[in-house]
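Asks: the sequence and its predicted three-dimensional model are supplied below.
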Amino acid sequence: MTHDTPLRGDGTEAPPARPRIAALDVLRGLALCGILVANIQLIADAGTAVQTPLLGDAHVWLGLPVLSLLFGIGFSLLCESAAGRAPRPRLALFRRLLALLAIGLLHMLLWRGDILTVYAVVGLLVLLPSTWLPRWAVAGLAAVLVPTALAVSLGGPLLVAGLFLVGSALVRYGVVGRIERSTRGPVVLGLVLAAGAALALWAENGVRTGPETVPPHPVSLLADLLITGVYVCVLLTLLRTPLRPVLAALFAPLGRMALTNYLTATLLVLGAARVLGLPIGSSAGTALSVVGAVLAAQWLFSTLWLRRCQQGPVEWLWRWATWARRPPLRVGAAPSSG
């Protein structure tokens with residue numbers, strides 16, 4: 001046994017950690033950018049002053065479905081890893097979701113639109129119990145929950161639950177494991193989703209009776225969700241081209257520290273609005289400028305931090321809570337035995 005070999009809770013040697021999937025980090029980083037653009041004015045003015053979102057009707061969808069899908073993927077990947085790393089793997093997953101809930105509740109003191117609390121609660125109610133189900137049942141539940149959420153609740157926690165299960169099913173059917181090796185898959189899926197989006201947009205024109213449907217019609221939300229899926233497939237396809245190093249350099253550092261960056265974005269936006277007095281809520285130009293500044297600062301910090309450390313500071317604390325022992329932080333550091 002080598003000095004840096006991780007141990008299970010019973011002291012026996014655990015299998016080596018799963019290598020990171022770079023495509024997921026890129027997707028997560030891009031989704032994080034979208035969520036900041038969608039929320040920055042609401043954060044700055046406590047969710048009350050924005051009359052016209054920066055991205056119009058699409059603002060609700062930018063980033064959130066992708067992040068929800070990735071959360072389900074990440075949870076299921078961790079579930080597979082925990083089975084070989086801990087004698088009671090579901091207890092580790094339970095602690096992870098409780099820790100996320102605590103982080104989210106603290107974040108809500110600054111930004112009441114926090115999504116972490118929703119992720120934690122839905123994870124406890126849906127994702128964790130789903131680990132006892134066969135993969136076909138998880139896929140079937142996802143196929144029921146997503147359209148039901150669009151038709152009945154127009155998104156919300158029910159849609160989050162459905163997307164969590166979609167992500168879990170993708171892991172359990174081996175799709176995520178092949179994501180770095182497949183070009184044809186994203187292309188074919190993207191074409192199918194694009195065709196579905198075109199049909200949904202055509203149907204949407206038939207249900208509109210005025211300049212806007214308030215609240216959004218389920219068909220409109222379906223079209224937006226399918227278009228988001230097309231964007232994901234396009235990005236995955238681009239990652240199989242010479243653009244991969246550029247995309248990875250731009251978005252992977254943000255994605256690897258997504259939790260840290262999500263939380264610090266709130267602090268930076270509130271500082272710009274309350275301390276510097278910038279009119280983020282009322283000026284689209286100012287809001288976009290602050291988005292650029294925040295993302296540039298976070299990209300630089302993430303890039304420099306990850307040269308010395310294995311993960312972001314909040315991610316490290318979250319991992320500590322998950323495994324109930326202090327993990328190594330520095331690159332090349334040996335794990336704690338306590």
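Replies: That came in fine, so what should we check first? Numbers count the residues shown, from 1 in each chain.
Asks: quick one: low-confidence parts of the stretch 51-200 of the chain?
Replies: For the stretch 51-200 of the chain, the stretches with pLDDT under 70 are 51-62, 153-154.
Asks: what segments of it are helices?
Replies: 64-85, 89-108, 116-122, 128-130, 135-148, 156-172, 184-207 (DSSP state H, counting those that start in this stretch).
Asks: out of those helices, which comes closest to Arg256?
Replies: helix 64-85 (11.7 Å; C-beta to C-beta). C-beta here means a position set from N, CA and C on the backbone, and glycine is covered the same way.
Asks: now Ala200, nearest residue through space, not along the chain?
Replies: Ala223 (3.7 Å; C-beta to C-beta, 6 or more residues apart in numbering).
Asks: centre of the chain to the helix or strand harbouring the one you found, how far?
Replies: Secondary structure assignment for Ala223, by DSSP states H and E: helix 218-238. Helix 218-238 sits 15 Å away from the centroid of its parent chain (C-alpha atoms, centre = their mean, to the nearest Å).
Asks: just stretch 274-291 next, same as before
Replies: Remark: stretch 274-291 is offset 25 Å from the chain centroid, using C-alpha atoms, centre = their mean.
Asks: kindly report the same for stretch 33-50.
Replies: Taking mean C-alpha positions (C-alpha atoms, centre = their mean), stretch 33-50 and its chain are 17 Å apart.
Asks: contact partners for the residue most central in space within the chain?
Replies: In the chain, the residue lying closest to the centroid (C-alpha atoms, centre = their mean) is Leu67, at 2.4 Å. Counting by C-beta atoms under 8 Å, 6 or more residues apart in numbering, Leu67 makes contact with Arg28, Ala31, Leu32, Ile35, Ile115, Ala258.
Asks: in CSV: those residues, plus distance to Gly140, neighbour count and secondary structure.
Replies: CSV is the format used below for the contacts of Leu67 (distance: C-beta to C-beta, whole Å; neighbours: other C-beta atoms under 10 Å; DSSP: H, G, I helix; E, B strand; the rest coil):
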residue, distance to Gly140, neighbour count, secondary structure
Arg28, 27, 25, helix
Ala31, 26, 25, helix
Leu32, 31, 24, helix
Ile35, 29, 20, helix
Ile115, 26, 19, coil
Ala258, 29, 23, helix
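Asks: what is the nearest of these to Ala287?
Replies: Looking across those and measuring by C-beta to C-beta, the closest to Ala287 is Ile35, at 13.7 Å.
Asks: quick check: the gap between that closest one and Leu295.
Replies: 11 Å (C-beta to C-beta, to the nearest Å).
Asks: on that earlier part again, following element in sequence after the helix holding Ala223, please.
Replies: Next element after helix 218-238 (DSSP H and E): helix 244-256.
Asks: number of nearby residues for Leu236?
Replies: By other C-beta atoms under 10 Å, 21 other residues sit near Leu236.
Asks: no, scratch that, I was asking about Leu259
Replies: With other C-beta under 10 Å as criterion, Leu259 counts 21.
Asks: what backbone torsions are found at it?
Replies: phi -70, psi -50 (degrees, to the nearest 10).
Asks: what residues are up against it?
Replies: Leu259 makes contacts with Ile103, Gly312, Val314, Glu315, Trp318, as judged by C-beta under 8 Å, 6+ apart.
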